[in-house]
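In: the sequence and its predicted three-dimensional model are supplied below.
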Protein chains: 2
Amino acid sequence: MSIRFAERNKRLGTETAFAVGAEAAQFSLTGARVYPFHLGDLNIPTPEHIVEAAIRAIREGKTGYCPTPGILPLREALAEDISRSRDLNLDAGNVSIQTGGKPVIGKFIMTLMNPGDEVLYPNPGYPIYESMINFHEGVGKPYGFRETEKGFALDLDAIERQISPKTKLLIYNNYHNPTSAESDEEEMKRLADICLKHNLYVLSDEAYFDMLYDSKGMSISRFPGLFERTVILFTFSKKFAMTGWRLGAAIGPKEIIDAISLFNVNDESCTNHFVQWAGLAAIKGPMEPYREMLKTLKERRDTSVEILNQMKGISVGKPNSTFYLFANITAAMKDLGMQDVEDFRKQVLYKTGVSFTTRNHFGTPLPGEKQKYIRLAYSGINTSDIREGLGKMKELLG
Amino acid sequence: MSIRFAERNKRLGTETAFAVGAEAAQFSLTGARVYPFHLGDLNIPTPEHIVEAAIRAIREGKTGYCPTPGILPLREALAEDISRSRDLNLDAGNVSIQTGGKPVIGKFIMTLMNPGDEVLYPNPGYPIYESMINFHEGVGKPYGFRETEKGFALDLDAIERQISPKTKLLIYNNYHNPTSAESDEEEMKRLADICLKHNLYVLSDEAYFDMLYDSKGMSISRFPGLFERTVILFTFSKKFAMTGWRLGAAIGPKEIIDAISLFNVNDESCTNHFVQWAGLAAIKGPMEPYREMLKTLKERRDTSVEILNQMKGISVGKPNSTFYLFANITAAMKDLGMQDVEDFRKQVLYKTGVSFTTRNHFGTPLPGEKQKYIRLAYSGINTSDIREGLGKMKELLG
């Protein structure tokens, strides 16, 4: 019996990067050594005080239902923490706890986008943006990035050029996956002005807000008039090495947050109760493990960047944020006579075990896009393995 | 600035029962003693071996991402367990782990229902069915229950009568919230035949499958031709007293389950990693705590039923399943000269502290519905408090 699926399923996308992980796992079953640069996961344990807080909460019986938008102490603590780090003035009513940062994407779109509305979103970018826009029958308007001396920058012209009376939302992922693009204050201000001028709602995906090596994060929500139209995607996953705990939040104007919490009522009911107490310990607790993690990641970044830039035909900047490197391999591919980044990825994987994703795992390349890129994540691989793996890759490419 | 919400938000429903909980909490702040019969939560702790398994998993670092449809050992164990209890032949491919049972409702509907498709669903019934049908632009066709000597029974005539070529889905919640209706084999077989004859997909909400006092549960998916068209909503919440852990599963034909897991990719990524290991311990572990819980609940049920039936104008059967009592208060309301069950609820709450929900919290009454009902949950209140609270209510009603 063939299933009569709903039509809408055809509009649902996926993370094709998962297939790379599966391919690498398959390859390692043959006995091959794999160097995992494809993962956005952290191979760094959750700090001990967070673990102990979770255990305490379980033993204390924090195992029944809790309020749909989350436990009040966590919402209050997050409101305080985000007020400080983003220069805002929030209370618990501005916070809806979620099972990770990702659910905020779909809930933001469902709450504010009508079918036919246009949504500006980054491409290359996290593939779930496009998937959720299409699924809920919006019209996606991808904007790209320019490679500059100082790293990647928003293509503000592409953003402004595509705005029409139907444009209602903009998705902005500063400290950007996969390019590590980081707006300076001027760029962010210009983007804020565009949103104000065209009356756009903003999803500010701040998943990597705390993954900064040499500066403090800045949120677009701090510019005048912006908070009223912005939902911040917050996650505990990165800063506190809590990816598999599934804890995040939607943060924004109370009216929108209430609407988002109504989706909680209809879907997950609430986020795991005792995990929220662990989240409270994370926010209130010592930041030493976080600083240690940044130090570790910085070392991995520096090692990776150094070796990558020694490879023939590969160039990459040294980004200040995220744990990704978006390396330009245009010249290397030309040398190898390759057209398709997928061929490059496979050749490197099967000849050296170095596994990474490519630009194509982050959306369909835009018209006129000529440069070729791969994305290496250094969050799930130790410095010594980075050295060994990239050493082999360097040997392969000459 | 007033928010320009998406139109679809207007179609999203809620659980109005939450408002009763809030009202009771507010009343208790005045110093009043409240007897909570409004909660579907359990005041019974999660069994120790499950708690310890969670703690072990956290300490072992099961804190990173896991596969989107869940960890393989849990999917395998659930497949085996459900195969045995439902008389099926499943493997891990038939199981997609979810953050509770509730998300299965929306995902089932999104996966199989097109806008305009008709969906049969129970009313009175869990309000999220209707909310998700409306939200995703289906046409809800409510069916009711008949009060019989042996408790509530499906109104199969109402089901058949409403089927049209546009009817595609049926939601069936055997061991039913709020009526505790339980199909005998004959009734279930008749329903299965209807589904086969009219080519309907079935959501079998089996949240209370294990909350049976004097018999074993039966699933509609065991009838020939039914499994291929059925998704079972499974939850760990009740059997293992794990409501706040948020762990459940969608179980069904592999093709549908894969489609449901694609929603996991787009929403929560995966369910909390270490909670899944606790779920594995729950399924594989000793069933003594579960049997003890049933014994406790049975005592509460018997006490409640006895006192309720002593009240003037109230009658209620002794259901074999769930932890709800759906008491007929038609005569009591007539004595009090009341038309609205909400007036009855408020009077009892403010005069005795006994807090419960009514038929109206489970959907809009159907045309021709004349009997009046309240729902008392005995999952969150001890026997001595049941005795005290219902004693006061008996005094009030005479």
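Out: Received, thanks. Model, not experiment: these values are computed from the prediction.
In: show me how chain A divides into domains.
Out: What automatic domain parsing lists as the domains of chain A is A:7-45+A:289-397, A:48-284.
In: for chain B, what are the nearby residues on the stretch 151-300 of chain A?
Out: Applying CB under 8 Å from any CB of the partner chain, we find that the stretch 151-300 of chain A lies next to chain B at A:168, A:201, A:228-229, A:241-246, A:253, A:255-256, A:259, A:262-263, A:265-275. No exception for glycine: its C-beta is placed from N, CA and C like everyone else's.
In: list phi and psi for A:Asn123.
Out: With angles defined as degrees, to the nearest 10, A:Asn123 sits at phi -150, psi 110.
In: contacts only, for it.
Out: Residues counted as contacts of A:Asn123 (CB atoms under 8 Å, 6 or more residues apart in numbering or on different chains) are A:130, A:142-144, A:362-364, A:366.
In: what about A:Asp343, how many residues nearby?
Out: Other residues lying near A:Asp343 total 14 when counted by other CB atoms under 10 Å in any protein chain shown.
In: check what pLDDT it gets.
Out: On pLDDT, A:Asp343 comes in at 97.
In: and for A:Met1?
Out: Taking A:Met1 on its own, its pLDDT is 68.
In: now check stretch A:73-88, is it near chain B?
Out: No. Applying CB under 8 Å from any CB, one finds stretch A:73-88 out of contact with chain B, separated by at least 13.7 Å.
In: may I see the buried residues of that stretch?
Out: Neighbour-count burial for stretch A:73-88 flags A:74-79, A:81-82, A:85-86, A:88 (criterion: 16 or more other CB atoms under 10 Å in any protein chain shown).
In: now do stretch A:214-221
Out: Within stretch A:214-221, the residues that count as buried by 16+ other CB under 10 Å are A:217-221.
In: and stretch A:146-161, by the same measure?
Out: In stretch A:146-161, counting by 16+ other CB under 10 Å, buried: A:147, A:151-155, A:158-159.
In: since we're on A:Lys394, how many residues are nearby?
Out: By other CB under 10 Å, 17 other residues sit near A:Lys394.
In: cool, and A:Thr16?
Out: 14.
In: ditto for A:Cys270
Out: As a burial measure, A:Cys270 scores 25 neighbours (other CB under 10 Å).
In: three-state assignment of it?
Out: Secondary structure state of A:Cys270, per DSSP: H, G, I helix; E, B strand; the rest coil, is coil.
In: what about the nearest residue to A:Tyr35 once chain neighbours are set aside, helix or strand, and which?
Out: Leaving aside its sequence neighbours, A:Tyr35 sits nearest to A:Gly389 (CB to CB, 6 or more residues apart in numbering or on different chains; 2.9 Å). Counting by DSSP states H and E, the element that carries A:Gly389 is helix A:383-397.
In: okay, that helix in PDB with CA atoms only?
Out: Included here for helix A:383-397 are C-alpha records, laid out as PDB according to Å, rounded to 0.1, in the frame of the first residue of the first chain:
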ATOM      1  CA  THR A 383      44.400  19.600  17.900                       C
ATOM      2  CA  SER A 384      46.600  16.500  17.400                       C
ATOM      3  CA  ASP A 385      44.100  14.900  15.100                       C
ATOM      4  CA  ILE A 386      43.700  18.200  13.300                       C
ATOM      5  CA  ARG A 387      47.500  18.200  12.700                       C
ATOM      6  CA  GLU A 388      47.500  14.600  11.500                       C
ATOM      7  CA  GLY A 389      44.400  14.800   9.300                       C
ATOM      8  CA  LEU A 390      45.200  18.100   7.600                       C
ATOM      9  CA  GLY A 391      48.800  17.000   7.300                       C
ATOM     10  CA  LYS A 392      47.500  14.100   5.100                       C
ATOM     11  CA  MET A 393      45.300  16.500   3.100                       C
ATOM     12  CA  LYS A 394      48.200  18.800   2.500                       C
ATOM     13  CA  GLU A 395      50.300  15.900   1.200                       C
ATOM     14  CA  LEU A 396      47.500  15.000  -1.100                       C
ATOM     15  CA  LEU A 397      47.100  18.500  -2.500                       C
END
